[in-house]
Structure formats: C-alpha cells, structure tokens
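Asks: Model the following, please.
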Amino acid sequence: MGSSRTLLPKAERRVLQWVVSPEKEHTLERSLFDQRGDGDSGSDAEARAPQYDPGAPLAERMRPRTLDEVLGQDHLIGPGRVLRRAVEEDSLRPLIFWGPPGTGKTTLARIIANRTNAHFITLSAVLHGVKELRAAVDEAKRMRGRKMRTILFIDEIHRFNKAQQDGLLPHVENGTLTLIGATTENPSFEVIAPLLSRARVFVLEGLKEEHVVALLRRALEDAERGLGALKLEADDDALRRVAVLSNGDARSALNILEAAAALAGESRRVDASLVAEAAQRKTLLYDKAGEEHYNLISALHKTLRASDPDAALYWLARMLEGGEDPMYILRRLVRFASEDVGMADPNALAVATAAQGAFHFIGLPEGKLAIAQAVVYLAQAPKSDAVYRGFGAAERAVREQDAPPVPHHLRNAPTGLMRDLGYGEGYKHAHEFDDAVVEMEGMPEGLQGTRFYHPTSRGFEAEVQKRLATREEILNERLGERLNVPDEKSMDDRRPSDPAMPGRRARRKDK
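Replies: Numbering: from 1, shown residues only. Next comes the predicted model:
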C-alpha cells in the first residue's frame, strides 16, 4: 500500500499528518513540518528542528534547518534582507518562491514552519486537490476563531488548475490564511493574475559553483547527517565537476555525491572520473512546457537572426540535449526562413523544409545533423523581414478597413450573364505582352496605389528590387507615351482616372 495523507484538526497546535505505511497503517506521526505554535520564540527553532531518518537520501538529510545553513540566495535571506526579516519577525505576507529545482524553495518553507507561531499546513499540488484545499480552509477558519494565524504552503503550486487557484483567492483576500507557494514555472504564466497580485514573488537563483562545493564539503564532513562517518576523500576537481554537472541544483549535486560515494567502496576516494561515472549525464534545466523552453527557443531564434552560427548551434544542442521535440525546432526553423530570411535567400525555405523531411526519413540520433545543417544555413543567410512586414501590413489593412468589392476587371466571368454585368471587362493578360507587364490596377477601391512590400537591398532581394524598379519604369514609360506628356509635372496633372490603370508607381501609398 502506498502512502496517503490527509489533514487533521490540530492537536496541541502541532502540524500533524496521517502516514500510512506497510508496517503500521493509520499510525499518526509528525511530519517534517512538525512544530509547536504556542508562542515559542524563534530562538529555539534549532530545538524544534525535525529529526531525520538516517535511511533517507543524502539530499533530504542535508536539508538546511535554519536560514544560516542555507547557501546562496543572499539577495533574499542575507542580513537585513526583506525575506529574512519577515521570517525572523514572523510577519509573513502571501508570497511565492519561484526558482529552478534544488534552489531551496521547499527548504525555506520548512524553515518557516519550524520558526512560525502560526498554524502551518502543507499541501502538494501533485498529491492533493479540491478536497484537501477545502479541509485546509476549514481548519484555517477554526484557527482564526481562536485568534491564530494559518500559513498554507503549497508545493508545486503551478500544478493547480485555474479553478483550484480561484478557490483559494477569497480566503487569501480576507486573511483566513497566508499563502506560500513554490514553483519552478514562471508564475506570470502559471498563477492566476488575481492571486499573483496579492502575493509577493521571491525569485531564487541557481546555486553558484562555490555554493555547491561548500554544500558538498559540508556533506562530506557531517558525521550525523552526511557522509562524514565514511571518511571519504574528495579532491577539489571532483567537487567542482559535481557542481558543473548539477547545474546549480543542490539536490542533484548531493545525489551525484551519494552515488559516487557508493561507487568508491573501500577505496574511500572520490575523483573526477568516479563523479563522471556516477552522474552518467549532466542534468540540464529544461522543461518542454515551461519558461526555459521559451527562453531557449528565443535564444536560438535571436542568434540565428544575428547571423551567429556558433551560438545558434550551441542553443540547438542545449534544446536537443534537454529533450526538446526536434519537430518543434524544425517548425520554428521553417518559420524563421520566411520571417527573417525571406526573399533575401529564397532557398532558405527549401533548406528548412528539406531538413524537416530528412529528419522524418532518418530519425534520431543521425537526424540531428540535418537540423544542424539547416541552422548553419539560416544563420549565414542574408536577412530580410520585408515579406513578414509586408504581409503584416496587408493583414492590418484587411482588419482595419471595410472590405471593398473585387474590381470588375479582376473578376472571373465563366457565364454570359457575368460578362454582361461587366465581370472581367478591362482585364489584361500579362502573357500577351512581350515583357509580361500590364497597365492594370490590382488593388480595390480605396487602396489604389498602396504598397505593402518594400524589398531590401540584401541578398537576392536586391535583384527583386531591381525587377520591381524595372516594372515601374516600363509602366511609367507606357503611361507617358499614352498620354504624350512631355514632363513629370504635366504627367502628374493629367493622371488618368481609369481604375484599370496603375498610374505612376512613384505615387503609391506606403503601408
């Protein structure tokens, strides 16, 4: 039978949880959040610190018990910092801890639980739902009737859906409970705005190398909770290697050290090669549904746009190593080919779609090279967003203006009735002209002369620019011949009103 937990009325103002184990079902035990709420001062927080199971993982045994034991996060809990003052003065307001895994979010909540005089309830959004939320609120109301504050800690709060978060809102608003949330995801996206506006967000940072090394040294020297009893030897290179592999995650670092200690055996020596064997693979911070997903694809897109193939290859590798779906990356590359390269290199779109097809054909891991080739090609290609801007301007014109009818000369006329109504009248077929350039207005009424597409002079688009300029010259030349106008001014004054005639392109309105 697995473990299950539920909330109980508070006995002696202790936070209690049901713990169901194979040995003793329905045995009441104190959790790691066990603490008194009888007005005891923060000075005896050490005495009230939870006892640790010697069989628990090293990362759990080494979890800091006081603020002074926490490594890193000096911007939050350094001397005189706002969070430290709030914890020490037991004057917490609703807050959310946001940061990568293994940076101390849950640890800080547990330290608060050990220090506070308030009634403390903990829930996990992974394990609990509406039923447990209602029980927590009911308990908070009972405590409020006894003139006692309640702090509700919700781990992984981003896992609660909108309805569950909405259910919390009125009780946070009226002060029934003080919310502490912990999340690895950007709360701007994962926490509803009304709840977020009532909570202060504290951003926790990944641990620096020196912090991780100090933590590992502490674990190696601590005989009670750590590995001190094993008398292990670990050189600085090995510990630095653990710090790099853990990527600022304290939990991951301690897990690697614990695995390396097990591999060391009777030699009792931990070196860099043993660390590499224990780690197997570096832990990368990456969540395909979270903020880091968008951070990395943004980095890839922006380095491609900056024509930096080296940086683009790096971000591509980061995404693939983190487990990103290669097809997602390929879809973004196809989009990039049109949005940021466009007509400056028309082959870019073909290369991106070819990479997509090649990956479909080859699969992983060999197919990654096709993606890398496309990335290098797009990075070195000349850049133009003229197509992107032109189409955006056309879309705005459609959305912001009335939809004028299609001019008669552009309409199809498959029947006699339609021809009698003037459909197709005045249409000129380009292939009937030697240069395939015709004097015919293509825009509807109200938009005649409007230009959306403005080619740059980069790459192939310089040739596009020349071609469009040649078309302008031909049209202006024909217009001048037809009107027999001797100069520019008189040609402007005598511009024809025929809707099928483009007039002078130089007078087109830019969008």
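Asks: how far does stretch 421-432 stretch from start to finish?
Replies: Taking CA to CA, to the nearest Å, stretch 421-432 runs 24 Å from one end to the other.
Asks: cool, stretch 178-192 as well?
Replies: 17 Å.
Asks: now stretch 143-156
Replies: Distance across stretch 143-156, first residue to last, is 25 Å (CA to CA).
Asks: quick one: buried residues of it?
Replies: 143-144, 148-156 (16 or more other CB atoms under 10 Å). Placement of C-beta: from N, CA and C, glycine included.
Asks: With respect to L410, which of the residues you listed is nearest?
Replies: Closest to L410 out of those is E156 (58.5 Å), distances taken as CB to CB.
Asks: Next, count neighbours for the residue lying closest to the closest one once chain neighbours are set aside.
Replies: Of all residues not flanking E156 in the chain, A125 sits nearest, at 4.5 Å (CB to CB, 6 or more residues apart in numbering). For A125, the neighbour count with other CB atoms under 10 Å is 21.
Asks: just Y388 next, same as before
Replies: Neighbour number of Y388 under other CB under 10 Å is 15.
Asks: And for it, nearest residue in space, chain neighbours not counted?
Replies: Y388 sits nearest to E339 (CB to CB, 6+ apart), 4.6 Å away.
Asks: Surely the one you found touches A386?
Replies: No. If you go by CB atoms under 8 Å, E339 and A386 don't touch, sitting 10.5 Å apart.
Asks: picking up where we left off before, please flag which of the buried residues of stretch 143-156 sit within strands.
Replies: The members of the buried residues of stretch 143-156 that map onto strands under DSSP state E are 150-155.
Asks: what pairs with T150 across the strands?
Replies: With DSSP bridges as the criterion, T150 is bridged to H119.
Asks: per-residue pLDDT, it?
Replies: Note for T150: predicted pLDDT of 93.
Asks: Name the secondary structure element that contains D310.
Replies: Counting by DSSP states H and E, the element that carries D310 is helix 309-321.
Asks: packing partners for that helix?
Replies: On a contact count with 3 or more CB pairs under 8 Å, 6 or more residues apart in numbering; DSSP states H and E, helix 309-321 meets helix 291-305, helix 326-336, helix 368-380.
Asks: C-terminal to the last one, what's the next element?
Replies: What it means is helix 368-380. Next along from helix 368-380, by DSSP H and E: helix 386-400.
Asks: give me every residue that touches the closest residue to R268 other than its chain neighbours.
Replies: The shortest distance from R268 to any non-neighbouring residue, by CB to CB, 6+ apart, is to L232 (5.3 Å). Listed by CB atoms under 8 Å, 6 or more residues apart in numbering, the contact partners of L232 are 220, 261, 264, 268-270.
Asks: quick one, domains of this structure?
Replies: 16-203, 229-279, 291-383, 399-510 (automatic domain parsing).
Asks: what's the least confident stretch among these?
Replies: When I compare the domains of the chain, domain 399-510 is least confident, with a mean of 75.
Asks: related to what we said a few turns ago, ok, the residue nearest to Y388 - contacts?
Replies: 385, 387-388.
Asks: Looking at these, which is nearest V375?
Replies: Distances from V375 to those, taken by CB to CB, are shortest for D385, at 18.6 Å.
Asks: Could you check how many residues crowd around the closest one?
Replies: Counted by other CB under 10 Å, the residues lying close to D385 total 16.
Asks: Let's see the top helix by length along the chain as PDB, backbone CA atoms only.
Replies: Ranked by residue count, the top helix of the chain under DSSP state H comes out as helix 461-483. The C-alpha coordinates for helix 461-483 follow below in PDB (Å, rounded to 0.1, in the frame of the first residue of the first chain):
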ATOM      1  CA  GLU A 461      16.200  40.800 -52.600                       C
ATOM      2  CA  ALA A 462      18.400  43.300 -54.300                       C
ATOM      3  CA  GLU A 463      17.500  41.500 -57.600                       C
ATOM      4  CA  VAL A 464      13.900  41.700 -56.600                       C
ATOM      5  CA  GLN A 465      14.200  45.400 -56.000                       C
ATOM      6  CA  LYS A 466      15.700  45.800 -59.500                       C
ATOM      7  CA  ARG A 467      12.900  43.800 -61.100                       C
ATOM      8  CA  LEU A 468      10.200  45.900 -59.400                       C
ATOM      9  CA  ALA A 469      12.000  49.100 -60.400                       C
ATOM     10  CA  THR A 470      12.100  47.800 -64.000                       C
ATOM     11  CA  ARG A 471       8.400  47.200 -63.900                       C
ATOM     12  CA  GLU A 472       7.900  50.800 -62.600                       C
ATOM     13  CA  GLU A 473      10.000  52.200 -65.400                       C
ATOM     14  CA  ILE A 474       8.000  50.200 -68.100                       C
ATOM     15  CA  LEU A 475       4.700  51.300 -66.600                       C
ATOM     16  CA  ASN A 476       5.700  55.000 -66.400                       C
ATOM     17  CA  GLU A 477       7.200  54.900 -69.900                       C
ATOM     18  CA  ARG A 478       3.900  53.500 -71.300                       C
ATOM     19  CA  LEU A 479       1.900  56.000 -69.400                       C
ATOM     20  CA  GLY A 480       4.000  58.800 -70.700                       C
ATOM     21  CA  GLU A 481       3.600  57.500 -74.300                       C
ATOM     22  CA  ARG A 482      -0.100  57.000 -74.000                       C
ATOM     23  CA  LEU A 483      -0.700  60.500 -72.600                       C
END
